[in-house]
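S.K.: when you get a sec, could you give me coordinates for this:
(one chain, ligands or ions: 1)
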Amino acid sequence: MLVPDVDVAILGGGCAGLSLAARLAKSDFSVRVIEPRSEYINDRTWSFWRSQSDPFEDCVRREWASWTVQGPQGQTLRSSSNMRYQTVESGAFYNRALELIDGGKASSISLGTYASHVSRTGNQWRVDTDAGSLTATNVVDTRPPNRVPTYGQFFLGQEIKTEHPVFNADVVQLMHFRPAQSGGVDFVYILPFAVDQALVEVTSFAPHNPGHEFFTKWLVEEINALNPGQTEILRTEAGALPMQVGFADQNPEGIIRMGLGGGAAKPSTGYAFARNQMQADQVTTALVSGKVPDMRLDSAITRYMDRIFLQVLAVKPERGPALIEALFSKVSPDRLERFLSGSTSTIDRLSVMKALPPLPFLHAAAFPK
Ligand SMILES: Cc1cc2nc3c(=O)[nH]c(=O)nc-3n(C[C@H](O)[C@H](O)[C@H](O)COP(=O)(O)OP(=O)(O)OC[C@H]3O[C@@H](n4cnc5c(N)ncnc54)[C@H](O)[C@@H]3O)c2cc1C
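M.R.: Below is the predicted model of the structure:
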């Protein structure tokens with residue numbers, strides 16, 4: 001019997017791949033991450049409500065106890081005594097993951113390497129890369145999805161330093177809705193790091209990406225409207241995230257799929273950091289105990305709620321702001337935030353359901369005759 005080169009080959013060293021590798025570095029497994037980037041840069045921030053611990057808690061840049069949503073009824077301020085909206089800097093995350101991989105018994109990363117075909121030969125997998133092939137007992141594929149979602153979150157953001165103090169550094173501007181220009185649901189998101197420094201992001205929930213030109217024009221308008229004075233752009237980020245129930249690539253049986261292509265994005269938000277951590281925990285536990293991982297993150301009822309919610313946004317986008325505003329103004333403290341972060345607790349789910357218009361109404365709005 002041939003001995004594979006490694007126990008686990010991880011294709012893709014982004015958020016999901018490194019989250020898994022960081023955990024497996026503490027195990028007895030030999031692990032190799034295959035990543036095309038030759039070096040990591042601070043290319044994004046991941047923000048989320050923390051509901052569980054993970055190996056990257058040291059990488060939190062800032063956290064907030066208050067956030068606002070602004071919709072047709074005005075502004076809703078929510079504050080929490082125990083939940084925090086946190087921002088993890090990808091630069092710090094990548095460094096921490098590389099440190100953990102480096103400190104592992106038999107973990108390594110091949111930077112500047114593309115994985116291509118994966119095939120089964122006997123008792124092992126063969127991964128072809130542009131630097132030769134590698135054999136492995138287990139393959140975890142975290143490469144970007146190879147399908148286009150039917151609905152998504154699209155955004156462009158800039159971290160800026162302003163001349164004037166124009167931000168409230170203690171409150172995240174989560175979703176401030178604007179009259180829709182994209183044909184979807186449009187809002188501005190501001191993550192304030194200081195009174196004169198913030199990530200300002202323009203976002204659309206829409207069936208198609210409105211495009212770079214659309215976002216650039218809108219972002220400039222939003223920044224100018226703040227009256228910031230001289231503005232320095234520190235960093236730019238853009239994204240296109242799937243918002244679709246059941247969004248995941250079909251994979252050959254036996255290959256573990258993680259990350260956006262493995263259904264990690266929460267269908268109702270497109271956010272994936274916290275769920276990448278959940279999947280990384282599930283896969284680590286399964287591999288260590290020799291079981292097949294259960295990659296499901298949502299119950300049937302959560303999937304149903306997400307499907308109806310997304311259908312309303314797709315068919316009646318003009319209802320989106322009021323619907324989301326109702327959730328933030330009616331659901332009792334922390335429950336909505338936990339639900340949006342991936343909580344599977346029945347009471348959190350019921351609270352969210354109670355705050356929505358009755359399901360038959362939503363159903364009728366989503367599927368008009
Ligand atoms: C700018 C931006 C901001 C975001 N902000 C948030 C946020 O605030 N909160 C949140 O929860 N989510 C956020 N997300 C969504 C989500 O958390 C991220 O997209 C996250 O990085 C997804 O993890 P991933 O591992 O699936 O993908 P990635 O992190 O993109 O990793 C995929 C990896 O696969 C590699 N790869 C590509 N081709 C190959 C190949 N042929 N062989 C091997 N490797 C390959 C890539 O180089 C990459 O490293 C954001 C996304 C973006 C783009």
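S.K.: how does this protein divide into domains?
M.R.: Split into domains by automatic domain parsing, the chain comes to 6-59+90-147+244-288, 152-242, 300-366.
S.K.: could you redo those as TSV and give each row mean pLDDT, distance to the ligand and mean neighbour count?
M.R.: All C-beta spots, glycine's among them, are computed from the backbone N, C-alpha and C. Output for the domains of the chain, formatted as TSV (pLDDT from 0 to 100; distance: least, CB to the nearest ligand atom, whole Å; neighbours: other CB atoms under 10 Å):
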stretch	mean pLDDT	distance to the ligand	mean neighbour count
domain 6-59+90-147+244-288	96	2	19
domain 152-242	97	3	18
domain 300-366	82	9	17
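S.K.: nearest to residue 75, out of these?
M.R.: Distance to residue 75, taken as CB to CB, is lowest for domain 152-242 among the domains of the chain, at 8.0 Å.
S.K.: please enumerate the helices of the stretch 1-150 of the chain.
M.R.: 15-24, 90-103 (DSSP state H, counting those that start in this stretch).
S.K.: for residue 150, which of these is the nearest?
M.R.: helix 15-24 (21.9 Å).
S.K.: mind giving me the packing neighbours of the closest one?
M.R.: Helix 15-24 sits against strand 6-11, strand 31-35, helix 90-103, strand 107-111, helix 273-288, with contacts defined as 3 or more CB pairs under 8 Å, 6 or more residues apart in numbering; DSSP states H and E.
S.K.: repeat that with 7 Å
M.R.: Judged by 3 or more CB pairs under 7 Å, 6 or more residues apart in numbering; DSSP states H and E, helix 15-24 is in contact with strand 6-11, strand 31-35, helix 90-103, helix 273-288.
S.K.: how much space separates residue 295 from residue 196?
M.R.: 43 Å (CB to CB, to the nearest Å).
S.K.: ok, residues contacting stretch 255-263?
M.R.: Contacts of stretch 255-263 with the rest of the structure, by CB atoms under 7 Å, 6 or more residues apart in numbering, involve 12, 14-16, 20, 118, 138-146, 242, 247-249, 251, 264, 272, 276, 279, 283, 293, 295, 297.
S.K.: which one is residue 26 nearest to, not counting chain neighbours?
M.R.: residue 104 (6.9 Å; CB to CB, 6 or more residues apart in numbering).
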